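>>> Quick one, what's the 3D model for this:
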Amino acid sequence: MPHSSDPALGSTLIAGSGNLAPPLAPLPSPYSVPCLSLVSCRARVRLESLRSSKMHGLLSSPVCLTVIWFLSWSLHPSCAQIWNGEVSGLQYGRLGSNITLACGKSQHRMLVTWLHNQKEELPWHKVTSDGKLVLLHANQSAQGNYSCHSDKGSHLHSISLMLGHPPGRLNVLCRMPNHSYVHCSWVESVNTLLPAKYNASFRGSHEDWKPCLVDASQKHCEVILPAFWQVYHILAVTQTNALGSHTTLDRIKLDKLLKPDPPELLRVEQLEGFPRQLNVSWSYPSSWARLDAYPLHFQISYRPQGSKYWSQTIIWDTSVVLYDALEGHVHEVQVRAQDLVNSDSQWSEWTNLILAKPWEAETEESEETEVTGNYDPEPPYTESESSSTKSLNFEPEDDGDLGLMILLICFSVLILTTVLSLTLVMWMRRRRLAPSDCTQPFKFKVGSIDASDCPCSAPP
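Now for the predicted structure:
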């Protein structure tokens, strides 16, 4: 069977035998194989030129160039374990202690230069042989951004440093505006200067811990439906920051913690035709739930404006009429509330002062004053009254008081005259009986005395 006589093929395939000759050598370039005709040579040249142009365009594309650059950079040998341009980090430290900053993850000895806020001026420090920066007794001025650079000036690593204190005890303050809600807030006794997280829980004497819903931004927590029948309760608040944590325990009694909010919608109105009366009304605080189960009682305090003394009274209703207002004077009125059943609870804060003046009959003079608009206010009320929980009456020019004073004077004169008359009658009676008594002898143990010896008897 004939076979190819072209020596460039290097091996032959024997037809019909199915056996391969020795392995073929690599195919030569298309240009090394002779063309059978002129047309076949021209077609081969055009095909090769088209292939070369496509390969050149592929190698010059941005994607191919990026892949080639990445492979060459990753295979490039490095003399240290620090990557150039390593991502910055955040580190916390305690004020007054020694702070160590590492230049990335390098464990080899190498010369590095440290910068603080892009400046070569560093706080009191030392640099170790492996390139670590140690800040000695760091203070507030040591905070900021640090970066380390190689001896050739390339940036190796950067880190931000924040200094502060670990948490301390919290000052906790709780309030209970009604029987089903407790609100607790706290203030740091130590200013840590670092961001912190808070966790709070609450339980009764014989109960499991329940979460106290925390608002970290406002530094307070809320307890819904506490076990009011328990005598003692414990609140635990834990503060945590990068330097540690601290738990504060606060023991409270809900019956003494209970303090209603002030009454609302306080109004003071005149009563037409009554110049010495004021009508005062208000409503329960909106935060006080279940009015029937937990009633409140109220204390009213009022006085003429300018006086130093208050008149006070306690009632169980939400309105009252004051019958002892001072006619023609402006009065100050305020109200507060307390749980009626729980005497250990606290009084609420006072409401804002309300100013009111009793009804006055209109006169020509007052009308003229209103027209001109020049209202001359009453002089300050400076009476010398005494403090009392009862109502006060002050009218020095009242005819009733003057008549009572005259009556008392007459009664005193009558009593004095009666006493003097009785005294005079008794003295006269004693004077009349004196001579007859002297005529009787006085008997003693040693004898008797004759009537002639009596100094009041007449001479013989």
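>>> Please count neighbours and contacts with C-alpha atoms only from this point.
Fine.
>>> Just the strands from the stretch 251-400 of the chain, written as ranges.
With DSSP state E, counting those that start in this stretch, the ranges of strands along the stretch 251-400 of the chain come out as 264-270, 278-283, 296-304, 311-315, 319-322, 331-339, 354-356.
>>> tell me which strands and helices the first one is in contact with?
Under the contact criterion of 3 or more C-alpha pairs under 8 Å, 6 or more residues apart in numbering; DSSP states H and E, strand 264-270 touches strand 278-283, strand 354-356.
>>> That one vs strand 278-283, what angle?
160 degrees (axes from the mean of the first three to the mean of the last three C-alpha atoms, to 10 degrees).
>>> Using PDB, write out the CA atom coordinates for strand 264-270.
The C-alpha atoms that make up strand 264-270 are tabulated as PDB, following Å, rounded to 0.1, in the frame of the first residue of the first chain:
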ATOM      1  CA  GLU A 264     -54.500  67.600  84.200                       C
ATOM      2  CA  LEU A 265     -56.800  70.200  82.800                       C
ATOM      3  CA  LEU A 266     -56.800  72.400  85.900                       C
ATOM      4  CA  ARG A 267     -59.400  75.200  85.700                       C
ATOM      5  CA  VAL A 268     -60.400  78.000  88.100                       C
ATOM      6  CA  GLU A 269     -63.600  79.900  87.300                       C
ATOM      7  CA  GLN A 270     -65.600  82.700  88.800                       C
END
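>>> what's the average pLDDT for it?
If you average the pLDDT over strand 264-270, you get 96.
>>> Same check on stretch 189-201?
The pLDDT scores in stretch 189-201 average 93.
>>> Tell me which residues of it come out buried.
By 16 or more other C-alpha atoms under 10 Å, the buried positions in stretch 189-201 come out as 192, 194, 196, 198, 199, 200, 201.
>>> And for stretch 244-256?
Quick answer for stretch 244-256 (16+ other C-alpha under 10 Å): 247, 249, 252, 254, 255.
>>> Just the element for the second one, please.
Residue 249 belongs to strand 244-252 when elements are defined using DSSP states H and E.
>>> list the contacts for the closest residue to residue 315 other than its chain neighbours?
Counting by C-alpha to C-alpha, 6 or more residues apart in numbering, residue 315 lies nearest to residue 298, which is 5.5 Å off, once chain neighbours are set aside. Counting by C-alpha atoms under 8 Å, 6 or more residues apart in numbering, residue 298 touches 314, 315, 316, 317, 318, 335, 336, 337, 338.
>>> since we're on the fifth one, how many residues are nearby?
Using other C-alpha atoms under 10 Å, the number of residues around residue 318 comes to 15.
>>> Wait, it touches residue 283, no?
Yes - the criterion here is C-alpha atoms under 8 Å, and residue 318 meets it with residue 283 at 6.1 Å.
>>> Over to the nearest residue to residue 235 once chain neighbours are set aside: give its phi and psi.
Leaving aside its sequence neighbours, residue 235 sits nearest to residue 202 (C-alpha to C-alpha, 6+ apart; 4.7 Å). When read as degrees, to the nearest 10, the backbone of residue 202 gives phi -150, psi 140.
>>> For residue 202, give the beta-bridge partners.
For residue 202, the beta-bridge partners are residue 210, residue 235 (DSSP bridges).
>>> Check the gap between it and residue 188 for me.
Between residue 202 and residue 188 the distance, using C-alpha to C-alpha, to the nearest Å, works out to 19 Å.
>>> the more surrounded of those two?
More neighbours surround residue 202 than the other of residue 202 and residue 188, with 21 against 14 (other C-alpha under 10 Å).
>>> give the contact list for the more buried one.
Neighbouring residues of residue 202 by C-alpha under 8 Å, 6+ apart: 209, 210, 211, 212, 223, 233, 234, 235, 236.
>>> let's see 7 Å
209, 210, 211, 212, 234, 235, 236 (C-alpha atoms under 7 Å, 6 or more residues apart in numbering).
>>> Give me the buried entries from those.
211, 212, 234, 235, 236.
>>> Name the helix or strand of this structure that has the lowest mean pLDDT.
The weakest-scoring helix or strand in the chain, judged by mean pLDDT, DSSP states H and E, is helix 364-372 (a mean of 39).
>>> Residue 411 - that's part of a strand, no?
No - Residue 411 is assigned helix when assessed by DSSP: H, G, I helix; E, B strand; the rest coil, not a strand.
>>> That one and residue 405: what is the separation?
The spacing between residue 411 and residue 405, counted by C-alpha to C-alpha, is 10 Å.
>>> do the same with residue 297
For residue 297, the distance to residue 405 (C-alpha to C-alpha) stands at 40 Å.
>>> For the two, indicate the residue with more neighbours.
Between residue 297 and residue 405, residue 297 has the larger neighbour count (other C-alpha under 10 Å), namely 17 against 12.
>>> beta partners for the more buried one?
Here residue 297 sits in beta bridges with residue 338, going by DSSP bridges.
>>> who touches it in this structure?
Residue 297 is in contact with 315, 316, 337, 338, 339, 340, counting by C-alpha under 7 Å, 6+ apart.
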